[in-house]
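Q: Just a sequence and a predicted model for now, questions to come.
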Amino acid sequence: MSRKNDKTNRYDRQTLFRDFGTGGQTKLAEGRVLLVGVGGLGSWISEILARAGVGYIRICDNDRVDLTNIHRQAHYTEADAAAGILKTEAAAKRIAEINDGCIVDVFAERITRETIHRAAKGCDLIVDAVDNFETRYLINDFSVKYNIPWVSGGVLEAEGQVMVLIPGKTPCLQCILPPDAEPGAGHVLTLPDSGILGPTVAAIASLQAFEAVKYLSGHPDEVSPYLTKINFWENTVQRMQLANLRQTDRCPCCDQRRFVYL
Ligand SMILES: [Zn+2]
């Protein structure tokens, strides 16, 4: 094998981090991620996870590339926008160029109660990169019912938030933000029609990818126990202990196990 084709050292700089090591890298290669959405957050997350060495990513999206996406989304080019190709198609091509050791499985459909079982089959972590709460509540029901952790992220204007929800360990989304809560009740809502500064997306996506890497590499105890909100314009960071947000005895989802969105 020529030196050029020898890829055995590609993760050397990563495995040198002693808390991660070759053991973490091996586990990462065994990780199977369901990434819901390859728009703003999802495009960056898929790029970071593929570069880091996650072995399998199923990318779900049915949108096409548009010129208005490009200021904040990885992978996509002006040519992709002109051709109006599916984001999953462009993302899969790009990820294959980045790391041929990462299997990319394309699921070019919306995630709904009809499709989520097929979309999530065989995956051991869900990463939410969607722009609406209807899908997040659906993911939440699925996560709790089938005991699959998920990394949630949201962005709006110059602000974003990240949290990792682990069934049985943390609250669920309905504990933190009941569906009947007032819009904007202290949480970042991703709204397709509102503005967003490009770097906000890459920053929040990096935080989500970091938590995914910790979990998948066999370091669940290092996963952040906080709901973290950052406003990059105002330079403020807020952290709330997820454990304090649990609605024991009252949550219809994780306590009463009623999965109305599923
Ligand atoms: Zn709950």
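A: Cool, the structure landed. Numbering: from 1, shown residues only.
Q: The stretch 151-262 of the chain: strands as residue ranges?
A: 159-165, 226-231, 236-241 (DSSP state E, counting those that start in this stretch).
Q: Point out the most buried one among those strands.
A: Compared across the strands of the stretch 151-262 of the chain, strand 159-165 shows the largest average neighbour count, a mean of 25 (mean count of other CB atoms under 10 Å). Heads up, the C-betas are built off the backbone N, CA and C, glycines and all.
Q: Which elements pack onto that strand?
A: strand 150-156, helix 198-216, strand 226-231 (3 or more CB pairs under 8 Å, 6 or more residues apart in numbering; DSSP states H and E).
Q: per-residue confidence averaged over it?
A: Averaging pLDDT along strand 159-165 gives 98.
Q: Check which strands are paired with it and give the direction for each one.
A: strand 150-156 (antiparallel), strand 226-231 (antiparallel) (DSSP bridges).
Q: still on that earlier bit, looking at the helices and strands packed on strand 159-165, which is buried most?
A: Ranked by mean neighbour count, those are led by strand 150-156 with a mean of 25 (mean count of other CB under 10 Å).
Q: what does the stretch 151-262 of the chain have sitting close to the ion?
A: 172, 174, 175, 251, 253, 254 (CB under 5 Å from the ion).
Q: Make JSON lines from the strands of the stretch 151-262 of the chain and add distance to residue 100 to it.
A: Below are these laid out as JSON lines (distance: least, CB to CB, whole Å):
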{"stretch": "strand 159-165", "distance to residue 100": "29"}
{"stretch": "strand 226-231", "distance to residue 100": "34"}
{"stretch": "strand 236-241", "distance to residue 100": "38"}
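Q: quick one: which of those strands is nearest residue 138?
A: With CB to CB as the measure, strand 159-165 is the member of these nearest residue 138 (13.5 Å).
Q: show me where the chain has helices.
A: 12-15, 21-30, 40-52, 78-83, 87-98, 116-120, 133-146, 173-176, 198-216 (DSSP state H).
Q: can I get the ones you listed in CSV with mean pLDDT?
A: Output for the helices of the chain, formatted as CSV (pLDDT from 0 to 100):
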stretch, mean pLDDT
helix 12-15, 96
helix 21-30, 97
helix 40-52, 98
helix 78-83, 98
helix 87-98, 98
helix 116-120, 98
helix 133-146, 96
helix 173-176, 95
helix 198-216, 98
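Q: Out of the ones you listed, the one nearest residue 260 is which?
A: Evaluated with CB to CB, the helices of the chain place helix 133-146 nearest to residue 260, the distance being 7.3 Å.
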